[in-house]
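# Provided below are the primary sequence and the corresponding predicted coordinates.
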Amino acid sequence: MSTNETEKTEQTKETPKESEEIKKTEKIEQEKEINEKEMKEKEKEQKQEQEQEQEMEMENEQKNEQETQQLNEQIENLSSCFQDLFHVPLVDIENKLVEISNEQAELLKQLPKKQEARLRFNKMKELDQSFAKIPEYTLKIQKLKKEMNYITSKVNSLLSSTKKQAEKVSKK
């Protein structure tokens with residue numbers, strides 16, 4: 001006999017009050033079983049939902065990884081194109097910069113020499129100015145010489161006349 005049948009036979013032997021309590025207990029147990037079944041089903045559904053979510057997350061991660069990889073490849077392609085396009089001009093610019101740097105270094109070496117040359121040039125200007133004044137000074141010197149010669153001749157003539165007078169006075 002099954003448990004339900006045994007319970008029914010026992011119920012017939014019991015009093016109505018006990019029978020009611022048993023029915024209530026059975027009802028509560030049935031509700032519990034139903035609740036447990038529902039809970040198990042909900043848990044199953046939740047597990048399935050979680051599994052689906054995990055699968056979707058994994059798919060999304062894989063898609064993201066693929067997209068990232070594609071982007072990286074595109075970036076590498078663009079970089080290599082950029083390098084190919086600008087490599088020669090960049091090398092030319094680099095060479096020009098090296099050349100300019102070398103020329104600047106050479107100019108820096110020559111700067112003291114140029115400053116020295118400028119000083120010499122300034123001194124030569126002064127010398128040129130002095131030489132330009134030579135004819136003027138020569139004329140002045142010649143004028144002074146003439147004046148000195150005139151004065152000397154005057155002094156000599158005065159001396160000779162003074163000597164003559166002194167001789168005359170001494171002869172008298």
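Perfect, thanks for sending it.
# do you know how far Val98 is from Val91?
11 Å (CB to CB, to the nearest Å). In short, each C-beta sits where N, CA and C put it, glycine included.
# next one: Asn35
Asn35 sits 80 Å away from Val91, taking CB to CB as the criterion.
# Report the rounded mean pLDDT for stretch 73-90.
Mean pLDDT, stretch 73-90: 86.
# Just the CA coordinates for it, please, in CSV.
The C-alpha coordinates for stretch 73-90 follow below in CSV (Å, rounded to 0.1, in the frame of the first residue of the first chain):
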residue,chain,number,x,y,z
GLU,A,73,46.4,45.9,-36.8
GLN,A,74,44.9,49.0,-38.5
ILE,A,75,47.1,51.2,-36.3
GLU,A,76,50.2,49.2,-37.2
ASN,A,77,49.3,49.5,-40.9
LEU,A,78,48.7,53.2,-40.5
SER,A,79,52.0,53.6,-38.6
SER,A,80,53.9,51.8,-41.3
CYS,A,81,52.3,53.9,-44.0
PHE,A,82,53.1,57.0,-42.1
GLN,A,83,56.7,55.9,-41.7
ASP,A,84,56.9,55.0,-45.3
LEU,A,85,55.5,58.4,-46.3
PHE,A,86,57.6,60.5,-44.0
HIS,A,87,60.7,58.5,-43.6
VAL,A,88,62.6,60.1,-46.5
PRO,A,89,61.6,63.7,-45.6
LEU,A,90,62.4,63.0,-42.0
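# And Gln50, which helix or strand is it part of?
Using DSSP states H and E, Gln50 sits in helix 16-171.
# For that helix, name the packing helices and strands.
With contacts defined as 3 or more CB pairs under 8 Å, 6 or more residues apart in numbering; DSSP states H and E, the packing partners of helix 16-171 are helix 3-13.
# quick one: average confidence on the helix it packs on?
For helix 3-13, the per-residue pLDDT averages 52.
# Please apply the same query to stretch 41-54.
For stretch 41-54, the per-residue pLDDT averages 92.
# do the same with stretch 99-108
Mean pLDDT, stretch 99-108: 93.
# got the CA positions of that stretch in PDB?
C-alpha atoms of stretch 99-108 as PDB (Å, rounded to 0.1, in the frame of the first residue of the first chain):
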ATOM      1  CA  GLU A  99      74.400  70.200 -41.300                       C
ATOM      2  CA  ILE A 100      73.000  73.300 -39.700                       C
ATOM      3  CA  SER A 101      74.400  72.300 -36.300                       C
ATOM      4  CA  ASN A 102      77.800  71.700 -37.800                       C
ATOM      5  CA  GLU A 103      77.700  75.100 -39.600                       C
ATOM      6  CA  GLN A 104      76.600  76.800 -36.300                       C
ATOM      7  CA  ALA A 105      79.500  75.100 -34.500                       C
ATOM      8  CA  GLU A 106      81.900  76.400 -37.200                       C
ATOM      9  CA  LEU A 107      80.400  79.900 -36.900                       C
ATOM     10  CA  LEU A 108      80.900  79.800 -33.100                       C
END
